Each structure stands twice: as C-alpha cells, then as structure tokens.
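Trainee: My questions are about this predicted structure, shown below with the sequence.
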Amino acid sequence: MPVVKKTVSIPEDLYKESKEFSNNFSKIISEALDEYIKRRKKERLLSLAGVLNNGEDGKEFVDKIRNEDLKLEKEKEANWDT
C-alpha cells in the first residue's frame, strides 16, 4: 500500500499519552483515522435511514442514488474541455 507523509500538529499531552500505548506513532494515527472514517460512514448511513421511509425499499433507493450519480458524471463529462 502506498504511504503518504503529512505533517500534523497535535497537543503535546495527547502525543505523550499516545506513546504510552505504542512507540509507532504512524500506526496510532492510521488506526485512529481508520476508526474515524468508519464512524463517519456509519453516521452517514444512519442519516439516510429516514430517507427510506418514503415507500422505497433499499434496492430502489440504491438504484435511484446510482442513477443520480451516473447522471452527474455524464453532465461533468459533457462539460469537460477536450
């Protein structure tokens, strides 16, 4: 897997506390980002749950979203300068 190097600024006390669990700070950050992304995806899915109350079943809803995405992609392609 490719690796990206980034500089981040965090509170010193948070950094020191993290070192109590592991000396591999990159691994700590990777695990924290992974958990954060999973949580945000779950929140996004849960926020869509109310949308399904309009009589659509899950498959109809997903098909509708996919069709909207395809439509947007076609519109973007039509606006590309070639």
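Mentor: In hand now; what should we look at? Residues are numbered from 1 along each chain as shown.
Trainee: element containing the residue most central in space within the chain, please.
Mentor: The centroid of the chain falls nearest to Ile37 when counting by C-alpha atoms, centre = their mean (4.8 Å). Secondary structure assigned from DSSP states H and E places Ile37 in helix 25-48.
Trainee: Neighbours of Ala32, how many?
Mentor: 11 (other C-beta atoms under 10 Å). For every residue, glycine as well, the C-beta is placed using N, CA and C.
Trainee: so who does Pro11 touch?
Mentor: Going by C-beta atoms under 8 Å, 6 or more residues apart in numbering, Pro11 touches no other residue.
Trainee: per-residue pLDDT, it?
Mentor: As predicted, Pro11 sits at a pLDDT of 95.
Trainee: Put the alpha carbons of stretch 28-42 into CSV.
Mentor: Presented in CSV, the C-alpha positions along stretch 28-42 are these (Å, rounded to 0.1, in the frame of the first residue of the first chain):
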residue,chain,number,x,y,z
ILE,A,28,-1.6,5.1,16.1
ILE,A,29,-2.6,7.8,13.6
SER,A,30,-3.5,5.2,11.0
GLU,A,31,-5.7,3.3,13.4
ALA,A,32,-7.3,6.5,14.7
LEU,A,33,-8.1,7.7,11.1
ASP,A,34,-9.5,4.2,10.2
GLU,A,35,-11.8,4.3,13.2
TYR,A,36,-12.8,7.9,12.5
ILE,A,37,-13.7,7.1,8.8
LYS,A,38,-15.7,4.0,9.8
ARG,A,39,-17.6,6.0,12.4
ARG,A,40,-18.4,8.8,9.9
LYS,A,41,-19.5,6.3,7.2
LYS,A,42,-21.8,4.7,9.8
